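> quick check, what structure comes out for this input:
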Amino acid sequence: MELSNKRKFVVTSDLLASQGQRFGNYFIDFIFQYVLIFLISIIVIIISELFDSDSFVIWIENIGRFEEYIFGIIVMVFYYVIAESYFSRTIGKLITKTVVVDINGEKPESATILKRTLCRLIPFNHFSFFGGNARGWHDSISNTYVVSKELFDAKKKQFYELDEIGISQE
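Okay, here's the model as predicted:
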């Protein structure tokens, strides 16, 4: 068994997305989730019409606040888990050129993304960005980082190129 002496890249604070980028992520993703809810509602109505059943349409028309809240949570969880598990990015992060990574700059595991997503449900999580830190509670608790993609890619590439030079010199 060969042991690797290769150093691991570590995310540093200079790579973190700005508070402005984080707010942009939140706002864009919030809007996109409402669009998803609207599209799901339209699809349910179309399916109801195709099967000549008014039950879903009546349910949507009479949905209560609690049901709206639960449905919103379900959409939010699926949105973040699917987008960040597969792409390390949501629509908001794609637009603001940011990405979610772990401490070593790798794509977080799906279980970590699920933990990160569920932490978004912590009351007042949105206020955890106030102050000097660009990391929210859902970042800290899940040990994830949202970084500026271009700067991150350049710094990670430089890190491993320097590491390769060191290895080839030996």
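> tell me what the top helix by length along the chain is packed against?
When the chain is parsed with DSSP state H, its longest helix is helix 19-50. Counting contacts by 3 or more C-beta pairs under 8 Å, 6 or more residues apart in numbering; DSSP states H and E, helix 19-50 is packed against helix 55-61, helix 65-87, helix 91-96, strand 98-101, strand 145-148. (Each C-beta comes from the backbone N, C-alpha and C, glycine too.)
> out of the ones you listed, which comes closest to Ala111?
When the helices and strands packed on helix 19-50 are compared by C-beta to C-beta, helix 65-87 sits nearest Ala111, at 9.4 Å.
> how far out from the middle of the chain is the longest helix of the chain?
15 Å (C-alpha atoms, centre = their mean, to the nearest Å).
> distance of the residue nearest in space to the middle of the chain from Ile60?
Centroid check for the chain by C-alpha atoms, centre = their mean gives Glu84 as the closest residue, at 4.6 Å. Distance, Glu84 to Ile60, by C-beta to C-beta, to the nearest Å: 28 Å.
> again, but for Glu49
Taking C-beta to C-beta, one finds Glu49 at 13 Å from Ile60.
> and those two? which has more neighbours close in?
Neighbours per residue, other C-beta atoms under 10 Å: of Glu49 and Ile60, the larger number sits with Ile60, 15 against 12.
> show the pLDDT at that one.
Note for Ile60: predicted pLDDT of 78.
> Val81 too?
Val81 is given a pLDDT of 97.
> so where's the protein uncertain?
1-5, 131-133, 163-170 (pLDDT under 70).
> can you count the residues close to Gly64?
Gly64 sits with 8 neighbouring residues when counted by other C-beta under 10 Å.
> contacts only, for it.
Contacts of Gly64 were listed using C-beta atoms under 8 Å, 6 or more residues apart in numbering, and none were found.
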